[in-house]
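In: No sequence on hand, only this structure:
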């Protein structure tokens, strides 16, 4: 069955993570995503856990795409790109502001060949302002967005990074959603448009609902860094770590029964959801004392029997073997032409009539240059010349 | 100008965060989102930083929606809901698996009144398997997905939670994107369908590209927890904290110039991007020693002059006053009818022809019950009876 975005063509001139993961989501849903690379290729090809000349991060961020490698500084290469854009629905770039126009692939140049194009600009910080021209990496956005401060060490106050490139990847999700919305609008007559998104905006907007809850109401003393949703619910048992939590009165009663502490039900500090939040410190410390006395499996079974939300803390090894992950058939094995056998997560969304799917492996650099140019009408002689001059790889 | 999803009607029966934030994204883009609540209302109304009877998290997660409060256990309320569904494009629920069907709002019942409905089920863990029936909160998914283990304390190995409800909110983004893709497909003739998404799947798929890079290639010794992208690039200066990083050779040269350590350019441990990763520990320690000797503004200006990616670590107070945030006009002030003046992040995506926008404040419980039922043809007498019997609030 074709995916939800079958029939849509995306030209993706982005590198690194925020752009490539955005278009991979579209590719998983059936869009024909043509990854436009320089003759050197996307840097992520060479970053991280490599096999067969390609990195693990590259293959999972660029599956389902075709690769076209052009040197846009050569006029003939740029002309072929414009021919390609004339057949496309979406063009995505994440150069620093102004660079795309200098390369000849700004909005105006592309709209001249495809009037209803959705032109997408992903930036680090926005297109104007003191940071607009700066280079961006994920930690820079974590620092600037407040994310590193939120994660600060409780004792020393030293900020800490999240050990995942969260800003890059949630920018990707945000971009994929907005691109899809703009395609929907175009289908209903809105025409082409320009979608702009910065990593900084995407990150601050993402953390707002609870992360900025203390800064939402105006004209009221601010609550510093109290984060209601953010208690560190990790408990050490005799043989590992678990999480367990009780929000409603029902769950609290279940928790007290599960650990044989019915006397806590009489403790007025813990009598209501609100008072349990006020006395969270004492509550979590008491709970830790109890849970240290037995193993994880014991406690999880007790909590489970009382319908109290709980789980073991899994690491990346045990995650792969967990029965729920296996039941969900979330992790699928495949084969990369040069890297060999691999496993990855399937697209998480399950659409029963237009399923997202793993259709083809991540491409080699320029693997589809000939194929794409042939589709555009370039004959063998033309393609040979482009290769000889280095305009195409 | 209308938003990209103008003309789409969404009935949102979800509570808490994953569902409500998903439909808020659609509402920001112009969809008519009707929030279906029980007579008690979404629990998030009462959780967190309250003013005027409503929490900050609720108002920023439910803006641009209308609220209809019905007691679906009363047959007349359920009949009116079915009439409403007959006018809708999307129905979203995040009850535990099976509960929606027991309430009379399973897929089959709703499809009987609206054949091409997009029926969306958001679950914690999936619809089958050992965790399917369990209650879910964000920390449970952080524990189960490997997220808490990735964030573990480096010395003690103790897992740590991220202090934001990341799984809930990235499930929301994933759901909003997939819903929009399914609406696009319907527009092109795919009909209605059932979209299923679990928080566990969304989280593991999200962390995969770099978070599971050491577990992607099969048949190779695994690299434990080495996370290439995940060095903690926080440095303490004389008066605060900054982040700075250099990936390419260019950036590394700029960094050495900025801190007057040209001799590091001769150090063979730091000669290539790959060797700089191998010797990251030594490199970061040396850099910390240098950066402790002066203040943040001094170093940031030096790095800036050399085009080295860098930023101050901002907390939530300073974030609001940062010139780039102000330039982006990211934070907008408004007024909530009961809570009063507030500020929040605008939708991060900027679409120039179908702009996402803040159109109306988060609704009071049942604020639009009369309005919505009137639109469906209920007369004053009927509405009064529904209120009297408690079928509607």
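Out: Cool, the structure landed. As the structure is a prediction and not an experimental result, all values here were calculated from the model.

In: Which residue comes closest to residue A:372 once chain neighbours are left out?
Out: residue A:68 (4.8 Å; Cβ to Cβ, 6 or more residues apart in numbering or on different chains). (Each C-beta comes from the backbone N, C-alpha and C, glycine too.)

In: give me the number of residues near that neighbour?
Out: Residue A:68: 27 surrounding residues under other Cβ atoms under 10 Å in any protein chain shown.

In: Could you do residue A:40 as well?
Out: Neighbours of residue A:40 (other Cβ under 10 Å): 12.

In: same thing with residue A:270?
Out: Other residues close to residue A:270 by other Cβ under 10 Å number 21.

In: How much space separates it from residue A:280?
Out: 10 Å (Cβ to Cβ, to the nearest Å).

In: How about residue A:118?
Out: Distance from residue A:118 to residue A:280, by Cβ to Cβ: 47 Å.

In: residue ranges of the helices in the stretch 201-350 of chain A, please?
Out: Taking DSSP state H, counting those that start in this stretch as the test, the helices found in the stretch 201-350 of chain A are A:249-258, A:273-278, A:280-291, A:296-305, A:316-321, A:323-327.

In: okay, those helices in TSV with mean neighbour count next?
Out: Shown next, in TSV, are those (neighbours: other Cβ atoms under 10 Å in any protein chain shown):
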stretch	mean neighbour count
helix A:249-258	19
helix A:273-278	14
helix A:280-291	15
helix A:296-305	17
helix A:316-321	16
helix A:323-327	17
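
In: Please name whichever of those helices is nearest to chain B.
Out: Chain B lies closest, by Cβ to the nearest Cβ, to one member of the helices of the stretch 201-350 of chain A: helix A:323-327, at 3.1 Å.

In: Is there any residue in that closest one that contacts chain B?
Out: Yes - judged by Cβ under 8 Å from any Cβ of the partner chain, helix A:323-327 and chain B are in contact via A:323-327.

In: Does anything pack onto that helix? Which helices or strands?
Out: In terms of contacts (3 or more Cβ pairs under 8 Å, 6 or more residues apart in numbering or on different chains; DSSP states H and E), helix A:323-327 is packed against helix B:199-211.

In: Quick one: distance of the helix it packs on to the chain centre.
Out: Here helix B:199-211 is found 14 Å from its chain centre; the criterion is Cα atoms, centre = their mean, to the nearest Å.

In: average pLDDT for that helix?
Out: The average of the pLDDT scores along helix B:199-211 is 95.

In: same check, this time on stretch A:243-253
Out: 91.

In: near chain B at all, it?
Out: Yes - applying Cβ under 8 Å from any Cβ, one finds stretch A:243-253 in contact with chain B at A:243, A:245, A:247, A:251.

In: Which of those has the largest number of neighbours?
Out: Busiest of the residues of stretch A:243-253 next to chain B [other Cβ under 10 Å] is residue A:243, holding 25 neighbours.

In: Quick check: the gap between that residue and residue A:235.
Out: In terms of Cβ to Cβ, residue A:243 sits 7 Å off from residue A:235.

In: for residue A:345, same thing?
Out: From residue A:345 over to residue A:235 (counting by Cβ to Cβ), the distance is 28 Å.

In: do the same with residue A:314
Out: Distance from residue A:314 to residue A:235, by Cβ to Cβ: 15 Å.

In: So which residues make contact with the lowest-mean-pLDDT helix or strand in chain A?
Out: Among the helices and strands of chain A, helix A:273-278 carries the lowest confidence by mean pLDDT, DSSP states H and E, at a mean of 86. Applying Cβ atoms under 8 Å, 6 or more residues apart in numbering or on different chains, the contact partners of helix A:273-278 are A:228, A:246-249, A:252, A:268-270, A:283.

In: Stretch A:316-335 too?
Out: Under Cβ under 8 Å, 6+ apart, the answer for stretch A:316-335 is A:312, A:314, A:341-346, A:348, A:358, A:361, B:125-126, B:128-132, B:144-146, B:149-150, B:198, B:200-201, B:204-205, B:211-212, B:214-215, B:218, B:222, B:225.

In: Regarding that stretch, how distant is the last residue from the first?
Out: 21 Å (Cα to Cα, to the nearest Å).

In: what's the answer for stretch A:68-86, then?
Out: Start-to-end, stretch A:68-86 (Cα to Cα) is 16 Å.

In: Buried residues, that stretch. List them.
Out: Neighbour counts using 16 or more other Cβ atoms under 10 Å in any protein chain shown place A:68-72, A:74, A:77-78, A:80-82, A:84-85 of stretch A:68-86 among the buried residues.

In: quick one: which of the residues you listed sit in strands?
Out: A:68-69 (DSSP state E).

In: ok, now which ones touch residue A:98?
Out: Contacts of residue A:98 (Cβ under 8 Å, 6+ apart): residue A:133.

In: Please tell me how far it sits from residue A:132.
Out: Taken as Cβ to Cβ, the span from residue A:98 to residue A:132 is 9 Å.

In: what mean pLDDT does the longest helix seen in chain A have?
Out: Longest helix in chain A by number of residues, with DSSP state H as the criterion: helix A:166-187. In this model, helix A:166-187 has an average pLDDT of 98.

In: That helix versus helix B:166-187: what angle between them?
Out: Calculated by axes from the mean of the first three to the mean of the last three Cα atoms, to 10 degrees, helix A:166-187 forms an angle of 20 degrees with helix B:166-187.

In: So for helix A:166-187, what gets flagged as buried?
Out: Neighbour counts over helix A:166-187 (16+ other Cβ under 10 Å) mark A:166-186 as buried.

In: three-state assignment of whichever residue of the stretch 1-150 of chain A sits closest to chain B?
Out: Across the stretch 1-150 of chain A, the shortest distance to chain B (Cβ to the nearest Cβ) belongs to residue A:129, at 3.1 Å. Three-state call for residue A:129 (DSSP: H, G, I helix; E, B strand; the rest coil): coil.

In: which phi and psi does it have?
Out: For residue A:129, the backbone dihedrals (degrees, to the nearest 10) come out as phi 100, psi 170.

In: In contact with it: list those residues for me.
Out: B:323-324, B:326-328.

In: for the residues you listed, which one is nearest chain A?
Out: residue B:327 (3.1 Å).

In: How about the residue nearest to residue A:372: which residues does it bridge to?
Out: residue A:36 (DSSP bridges).

In: Just the endpoints, please. Distance across stretch A:25-45?
Out: End-to-end distance for stretch A:25-45, by Cα to Cα: 18 Å.

In: What mean pLDDT does it get?
Out: Rounded mean pLDDT across stretch A:25-45 is 97.

In: Could you pull out the buried residues of that stretch?
Out: Burial within stretch A:25-45, assessed by neighbour count using 16+ other Cβ under 10 Å, is assigned to A:25-39, A:41-42, A:44-45.

In: Kindly report the same for stretch A:45-59.
Out: A:45, A:47-51, A:54-59.
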